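Peer 1: sharing a model prediction with you, sequence too.
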Amino acid sequence: MARIAVIKFPGTNCDEDVVRAFRELELNVEAEVIWYKDFRVASWDAVIVPGGFSYGDWLRAGAIAARNRVMEEIREGVSRGLPVLGICNGFQILVEAELLPGALLPNESGRFTCRWISIYVERSRGPWLSLILNESRLDMPVAHAEGRYYVDEITYHEISSNRPLLRYKRGCNPNGSAYDIAGVGSEDGSVLGLMPHPERALKILTPRGFNPGGEAILRSIALSLRRGW
């Protein structure tokens, strides 16, 4: 059975939600919360860095966790193709650790944003998106104060031509992200970061009229690991 580590830092608060989501979907994977000091990359088939407020978002969201020794373990795994997903604060951590490009800034509104949104997938590539067709709509909730993705124009042209991207539905950008970007992946898609919360978007949790976008992502990684990603 494939094993997925869900990393918990001081201040992380969505770790148990991720584990519960895998359990409720009965995906035949073992997802387990692992305290950041106890993580060793060789023991796991995939890693999720969940949402929350690691280290209380001191300095800026994700900055302290990104400089923790555990990220060296994760970086080693990434060099060998280990699938890594960063959700909300986890996305901020992966960006701060330079495992993904760009930066995440305070919301344009200056306020915490918590609501359901629609995103669309471009270049469905890698283990986290393996069951998702290009241009598919995924509905998930966001809950963040520092979710405004920023990238300079040169880097944007690079990532928009060769990386998986998730974009907010036009006109529904909740934080002012550049180019409506809600998430970005590595070139092969093995590393993926996104601001919306897939663990909160299962069929049983999704309001009427929305698609349970989280199920597609969690089912994708389970299938990819069974196929030997």
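Peer 2: That came through, no problem.
Peer 1: you'd agree Ile181 is up against Leu165?
Peer 2: Yes. Contact criterion C-beta atoms under 8 Å: Ile181 and Leu165 qualify, at 6.2 Å. In short, each C-beta sits where N, CA and C put it, glycine included.
Peer 1: who has more neighbours, these two?
Peer 2: Ile181 (24 against 19; other C-beta atoms under 10 Å).
Peer 1: for the lengthiest helix in the chain, buried residues please.
Peer 2: Ranked by number of residues, the top helix in the chain under DSSP state H is helix 213-226. Under the neighbour-count criterion of 16 or more other C-beta atoms under 10 Å, helix 213-226 has 213-225 buried.
Peer 1: flag whichever of those residues scores worst on pLDDT.
Peer 2: The lowest pLDDT within these belongs to Gly213, which sits at 92.
Peer 1: and the gap between it and Ile159?
Peer 2: Using C-beta to C-beta, to the nearest Å, one gets 21 Å for the distance from Gly213 to Ile159.
Peer 1: what helix or strand is Phe71 located in?
Peer 2: Check again: residue 71 is Met, not Phe. Using DSSP states H and E, Met71 maps to helix 70-79.
Peer 1: ok, residues contacting that helix?
Peer 2: Around helix 70-79, the neighbours that count as contacts under C-beta atoms under 8 Å, 6 or more residues apart in numbering are 7, 36-37, 39-41, 44, 47, 49, 65, 82, 84, 93, 97, 99, 186, 190-191.
Peer 1: which positions in it come out as buried?
Peer 2: Of the residues in helix 70-79, those buried (16+ other C-beta under 10 Å) are Val70, Met71, Glu73, Ile74, Gly77, Val78.
Peer 1: same check, this time on stretch 20-30
Peer 2: Ala21, Phe22, Leu25, Leu27, Val29.
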